[in-house]
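Participant: Here you go, sequence then predicted model.
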Amino acid sequence: MHEWALASEIIKIAVKEAESRNAPRVAEIEVKVGALNSIVKEQLVEAFDIAKLETMLEGTEIRVLEVEARGRCPKCGNEFKIELPFICCSKCGNMDISVESGEEMHLSRIVLDYDEES
């Protein structure tokens, strides 16, 4: 389950960012995950919720947003939503397509909390 490794890395990045800005807490983290990645949202959230315990992120909420898989056909120029399990042009059926989005995974937002009372 690579969600554990991802959750750990997200926590490391967030802690480093908070410490570099002298923030005592991180209120929220937002992660964008492409639909073509094999990341299970629920497992990532669960791994994060467990890994954050006894860290400065203990009260932090994580939001995982799925990025739609989109493709473009070099043959006919069609831009379309990729529907798994078939990765082909929805217009002409060409299987040699260009994936435009859906493979990414990045930490898109960290909300720092400077209120030590929280």
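Facilitator: Everything's here; your move.
Participant: list the buried ones in the strand or helix carrying residue 11?
Facilitator: According to DSSP states H and E, residue 11 maps onto helix 3-20. Across helix 3-20, burial judged by 16 or more other Cβ atoms under 10 Å covers 3, 6-7, 10-11, 14, 18. All C-beta spots, glycine's among them, are computed from the backbone N, C-alpha and C.
Participant: repeat for stretch 49-56
Facilitator: Residues 51-52, 56 are the ones in stretch 49-56 that count as buried (16+ other Cβ under 10 Å).
Participant: distance between the ends of it?
Facilitator: 12 Å (Cα to Cα, to the nearest Å).
Participant: next one: stretch 69-88
Facilitator: Using Cα to Cα, the distance between the terminal residues of stretch 69-88 is 12 Å.
Participant: thinking again about what came up before, could you export the buried residues of stretch 49-56 to TSV, including columns for pLDDT, secondary structure and distance to residue 98?
Facilitator: Below are the buried residues of stretch 49-56 laid out as TSV (pLDDT from 0 to 100; DSSP: H, G, I helix; E, B strand; the rest coil; distance: Cβ to Cβ, whole Å):
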residue	pLDDT	secondary structure	distance to residue 98
51	96	helix	36
52	97	coil	37
56	94	coil	41
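Participant: Pipe those into a markdown table and attach distance to residue 105 per row.
Facilitator: Shown next, in a markdown table, are the buried residues of stretch 49-56 (distance: Cβ to Cβ, whole Å):
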| residue | distance to residue 105 |
| --- | --- |
| 51 | 17 |
| 52 | 18 |
| 56 | 23 |
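Participant: Nothing else from me, thank you.
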